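>>> What would the 3D arrangement of this be:
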Amino acid sequence: MVAGADKLPVGAHYGLRDWLSQRVTAIVITLYSALILGIVLWHGGLDYATFRTLFAGNAFRVATFLFMASLGWHAWVGMRNILMDYAKPYGVRLMLEIVVVCLLVAYGGWTIGVLWGQS
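Below you'll find the model as predicted:
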């Protein structure tokens, strides 16, 4: 038996959970992008009237919110893993992670405001 083989890995090695979340969010992002591309191709472009019609119903707003939530989670997992690998001083890494989280939360709030705010 190898010494230390029974210890749990530490650091950015979250394994299956990170791998799976990246794949699932990438699928959601891809499906939404394909939806937008299909709409643009079907209508021969995207003018203001088509845009307003799309967002008049809640279904497209929810789909857009799911896209943005998936994009935010995808970005968080990727940035967290990059920071864990390359930002070695703990204080610097923590500060950068806080900045990333604050930006992602602000983008989420902005998304909600745009989708369901007063028009």
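
>>> From now on I want contacts and neighbour counts done on CA atoms only, so please keep to that.
Fine.

>>> Downstream of the lowest-mean-pLDDT helix or strand in the chain, the next helix or strand is which one?
Using mean pLDDT, DSSP states H and E, helix 48-56 stands out as the lowest-scoring helix or strand of the chain, at a mean of 93. Downstream of helix 48-56, the first helix or strand assigned by DSSP states H and E is helix 58-86.

>>> Counting neighbours, which bits of that following helix end up buried?
Residues of helix 58-86 classed as buried: 61, 64-77, 79-81, 83-84 (neighbour count, 16 or more other Cα atoms under 10 Å).

>>> Okay, angle between the least confident helix or strand of the chain and helix 58-86 too, please.
80 degrees (axes from the mean of the first three to the mean of the last three Cα atoms, to 10 degrees).

>>> For the helix or strand residue 109 falls within, name the packing helices and strands.
Element membership for residue 109, per DSSP H and E: helix 90-116. With contacts defined as 3 or more Cα pairs under 8 Å, 6 or more residues apart in numbering; DSSP states H and E, the packing partners of helix 90-116 are helix 58-86.

>>> same question for the helix it packs on, mean pLDDT?
On average, the pLDDT along helix 58-86 is 96.

>>> swap in stretch 101-117?
Computed over stretch 101-117, the average pLDDT equals 97.

>>> cool, and stretch 90-98?
97.

>>> Could you number the chain from 40 rather than 1 from now on?
From this message on, residue numbering opens at 40, which makes the last subject stretch 129-137.

>>> Check the gap between residue 72 and residue 116 for me.
Going from residue 72 to residue 116 by Cα to Cα, to the nearest Å gives 20 Å.

>>> same thing with residue 83?
Distance from residue 83 to residue 116, counting by Cα to Cα: 36 Å.
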